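*Asks:* sequence first, predicted coordinates after that:
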Amino acid sequence: MKLAVLGPGALGCLIAALFREAGVEVSLVDYRPDRAARLRLRGIQVHSLEGVQRVVEVPIGLAPEVGPCDLTIVAVKAYQTETAARVLPELMSQGGVALTLQNGLGNLETMARTVGTSRLLAGVGLLGVTRQDEGRIIYAGRGVIFIGAPAGSQVAASEVAAVVDLFRGAGLECQPRENIEAVLWEKLVINAGINPLTALLRVPNGALLKLPEAWEVAVAAAAEAQAVAQAAGLTLSGDPAARLRQVCDHTAANRSSMLQDILAGRPTEIEAINAQVATRGRALGLLTPVNDLLTLLIRAATQSAPFTVA
Ligand code: KPL
């Protein structure tokens, strides 16, 4: 099976490196030729929390160089999905599958605009992985990946099982899920709580457990997200606070992806996370004041970067 991993960010680099080490035919796909050339030269540096480092040489290229693949994993930031979706038609082989492993909502809809829904899969990963620098990542927290066929997908259960086996073969804990929409929302609930708070306070995930006021806001944002999911007819497992606590605990040393974005001066995924909770809540007649405020604060934090005092 030939694989492409679209996006050399933290998750993309980790997955591509693990597949490569497992002997899978995999390429990392970048849209920037300069960065692709540098990464090809240096390889992907994977650091563990214990300080162990290894360099994995992963083939890296632009979409036309990589060509059609059986499985294309979309691991770009939610705000780059539009760009990624444009190259999906040339990356997906006849009968190939595209799997989004991204945060937030709206990614599947964007991908469907260029390749339709029938060969799409959705996945949710609860891994703690931090990008230190171009191609240099810290694998800070192991976690499970759930994969399933969303509404409109015609990918067979046996094909989902083959993708799950591929992930397992690369040393990742992976499980198939029939109700992947609910799982996407369960992750959204977690991201709505952890990501904006850690980004605003500039703390690792585990610190939220030690900051009672921050924790209260995180739980309130997560609870609003869970209420919107329930109003949309989805049944999410468990209590949002308990789920939040578990993820903060498992990824305690990790910097959330939104904190990494803020620190690097990049756009954030706020529009795909808290803003989605607010928009979808409004459409269902639900108020989401905590998510509204967190959305505004993160937008303000992004805009204020040029004015920050030393
Ligand atoms: O998904 C994450 C993210 O940072 O975006 C969590 C699970 C919160 C890990 O940091």
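*Replies:* The structure has been received and is ready for your questions.
*Asks:* mind telling me what element Q102 is part of?
*Replies:* Per DSSP states H and E, Q102 falls between elements, in no helix or strand.
*Asks:* leaving out sequence neighbours, find the closest residue to it.
*Replies:* A78 (5.5 Å; Cβ to Cβ, 6 or more residues apart in numbering). Backbone N, C-alpha and C define where each C-beta goes, glycine included.
*Asks:* flag the shaky bits of this structure, pLDDT-wise.
*Replies:* Applying pLDDT under 70 to the chain picks out no residues at all.
*Asks:* residues of it that sit close to the ligand?
*Replies:* 103, 126, 128, 190-191, 194-195, 205, 247, 251, 254, 256-257 (Cβ under 6 Å from any ligand atom).
*Asks:* going by distance to G43, which of those wins?
*Replies:* Minimum distance to G43 across the residues of the chain next to the ligand is 21.9 Å, recorded for G128 (Cβ to Cβ).
*Asks:* so how far is the ligand from R282?
*Replies:* 24 Å (Cβ to the nearest ligand atom, to the nearest Å).
*Asks:* so how far is E186 from that residue?
*Replies:* Going from R282 to E186 by Cβ to Cβ, to the nearest Å gives 21 Å.
*Asks:* more neighbours: which of those two?
*Replies:* Relative neighbour count places E186 above the other of R282 and E186, with 23 against 13, counting by other Cβ atoms under 10 Å.
*Asks:* list the contacts of the spatially closest residue to the more buried one that is not a sequence neighbour.
*Replies:* Spatially, and ignoring its direct neighbours in sequence, E186 is nearest to L236 (5.2 Å; Cβ to Cβ, 6+ apart). By Cβ atoms under 8 Å, 6 or more residues apart in numbering, the contact set of L236 is A182, W185, E186, V189, Q226, A229, Q230.
*Asks:* now the residues of the chain next to the ligand as TSV including secondary structure and distance to M92?
*Replies:* Converted to TSV, the residues of the chain next to the ligand look like this (DSSP: H, G, I helix; E, B strand; the rest coil; distance: Cβ to Cβ, whole Å):
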residue	secondary structure	distance to M92
N103	coil	22
L126	coil	26
G128	strand	29
I190	helix	29
N191	helix	27
I194	helix	32
N195	helix	30
N205	helix	34
V247	helix	32
T251	coil	31
N254	coil	31
S256	coil	30
S257	helix	25
